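Engineer: Next one to model:
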Amino acid sequence: MKKVLITGFDPFGGEKINPAYEAVKLLPDEIRGAKIIKKEIPTVFQKGPEAVYEAIQENQPNFVLCIGQAGGRSQVTPEWVGINFRNARIADNEGNQPLQTSVVENGPEAYFTMLPVFRMVEKMKENGIPASVSYTAGTYVCNDVMYSVLHYCHTEFKDVKGGFMHVPFATEQTVNQPAGTPGMNLKDIAKVNIESARDELINRISNYQGYKRIKVILVFDGYRVKNNTGSHFNQGNLDIIYTRYNQIADSYIEKAVHDLKKKYELSVATSDGLIQNAILANGAKRISARELEIVVKNVNKRALSYLKK
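Structural biologist: Numbering: from 1, shown residues only. The predicted structure follows:
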């Protein structure tokens with residue numbers, strides 16, 4: 001089962017609530033077979049990123065989405081880039097107010113999001129949620145967390161995809177704000193659709209499969225989705241499988257490898273140690289999720305270069 005870690009900050013700046021974590025709390029524990037792990041983090045320089053780091057270590061998610069409040073914005077805004085710069089306009093919740101300092105000493109100047117933010121915006125708009133991509137996460141604790149999490153993903157947790165998203169004030173917060181200050185209902189904020197990440201994966205694998213002219217079976221875990229009978233559909237020559245309720249993806253993959261091993265030369269992409277052993281025992285090759293990601297990226301670059309000629 002895929003795991004998504006979603007974090008939100010505690011209240012800051014004199015506010016009684018923070019819509020970031022209030023919205024996170026409203027999310028279900030599972031969305032389309034993906035386990036949702038919720039974590040409140042402190043609005044404190046260094047401690048906020050450290051809390052996310054510990055949650056990644058403990059839960060080993062596939063994706064990390066950190067949510068922050070951007071009072072004054074009228075839309076949900078996935079962030080494009082985190083910068084290696086701290087310049088706090090106000091003190092954090094422990095009185096720290098760093099000015100013109102680095103997030104990570106000698107780190108890169110910036111990291112770009114690892115999430116499909118443009119597709120996320122499309123999906124949110126399709127669901128009636130005002131959204132747009134933002135190109136600045138600020139220089140406060142939100143940026144501190146975004147940059148740090150992406151640094152972790154690039155240096156230590158290389159199988160994890162990370163990103164950040166800002167949400168507007170909750171409607172009730174605008175009562176004491178100047179007239180015309182935008183706000184959004186917490187339930188609307190919580191609607192943000194995680195399926196966009198899955199759609200992006202399907203599109204990338206489909207492009208890879210078409211370029212390489214190979215057969216690919218993509219398996220998603222529907223183990224905990226009640227009343228789910230499973231589904232199977234095709235996108236080009238890509239087979240997309242959603243397992244049924246109470247059937248984990250690992251068991252489906254093991255059976256498929258056993259059934260197909262005499263007909264095809266098989267390779268399976270997974271970072272799960274147990275399923276890797278089962279695959280090797282059945283004579284199939286295996287690659288890690290990270291290795292597959294690199295291969296897919298390189299193939300997509302070559303394909304794009306070819307199309308431009």
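Engineer: C-alpha from now on. contacts and neighbour counts both.
Structural biologist: Fine.
Engineer: So what's the residue count around residue 269?
Structural biologist: Residue 269 has 18 neighbours, counted by other CA atoms under 10 Å.
Engineer: Checking my notes, residue 218 in a strand, right?
Structural biologist: Yes - the assignment for residue 218 is a strand, going by DSSP: H, G, I helix; E, B strand; the rest coil.
Engineer: Now do it against residue 228, distance only.
Structural biologist: 18 Å (CA to CA, to the nearest Å).
Engineer: With residue 105 instead?
Structural biologist: 49 Å.
Engineer: what about those two, which has more around it?
Structural biologist: residue 228 (17 against 9).
Engineer: Now do that one against residue 221, distance only.
Structural biologist: 11 Å.
Engineer: Quickly list what's touching both of these two.
Structural biologist: residue 244 (CA atoms under 8 Å, 6 or more residues apart in numbering).
Engineer: just for this structure, where's the confidence low?
Structural biologist: 171-175, 185-197, 223-226, 236, 303-309 (pLDDT under 70).
Engineer: okay, now the domains of it?
Structural biologist: The chain resolves into domains spanning 3-192, 198-308 when parsed by automatic domain parsing.
Engineer: Kindly compare burial across these and name the winner.
Structural biologist: domain 3-192 (a mean of 19; mean count of other CA atoms under 10 Å).
Engineer: next one: that domain to chain centre, how far?
Structural biologist: Put simply, domain 3-192 sits 11 Å off its chain's centre (CA atoms, centre = their mean, to the nearest Å).
Engineer: try stretch 280-287
Structural biologist: Distance, centroid of stretch 280-287 to centroid of chain: 29 Å (CA atoms, centre = their mean).
Engineer: what about that stretch, start to end distance?
Structural biologist: 11 Å.
Engineer: Sketch out the helices for the stretch 101-250 of the chain, chain order is fine.
Structural biologist: Remark: helices assigned in the stretch 101-250 of the chain by DSSP state H, counting those that start in this stretch are 117-126, 141-155, 186-189, 195-212, 249-260.
Engineer: Check the chain and tell me which residue is nearest its centre.
Structural biologist: residue 63 (3.9 Å; CA atoms, centre = their mean).
Engineer: separation between that one and residue 258?
Structural biologist: For residue 63, the distance to residue 258 - CA to CA - is 30 Å.
Engineer: Residue 88 too?
Structural biologist: 57 Å.
Engineer: Then residue 277?
Structural biologist: For residue 277 relative to residue 258 (CA to CA), the value is 13 Å.
Engineer: next one: residue 20
Structural biologist: Taken as CA to CA, the span from residue 20 to residue 258 is 45 Å.
Engineer: could you dump stretch 75-85 to CSV, C-alpha only?
Structural biologist: Extracted C-alpha coordinates of stretch 75-85, given in CSV (Å, rounded to 0.1, in the frame of the first residue of the first chain):
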residue,chain,number,x,y,z
GLN,A,75,-6.6,30.2,-3.8
VAL,A,76,-5.0,26.9,-2.9
THR,A,77,-1.4,27.2,-4.2
PRO,A,78,1.0,24.3,-4.7
GLU,A,79,4.5,25.6,-4.5
TRP,A,80,7.0,25.3,-7.4
VAL,A,81,10.3,26.1,-5.5
GLY,A,82,11.8,26.3,-2.1
ILE,A,83,14.8,28.6,-1.6
ASN,A,84,17.8,28.3,0.7
PHE,A,85,17.0,31.6,2.5
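Engineer: And for it, what's in contact with it?
Structural biologist: 100-104, 107-113, 117, 120-121, 129-137, 139, 143-144, 146-147, 163-168, 189.
Engineer: give the contact list for the residue nearest to residue 220 when sequence neighbours are not counted.
Structural biologist: Leaving out its chain neighbours, the residue that sits closest to residue 220 by CA to CA, 6 or more residues apart in numbering is residue 242, at 4.8 Å. Residue 242 makes contacts with 219, 220, 221, 222, 230, 231, 232, as judged by CA under 8 Å, 6+ apart.
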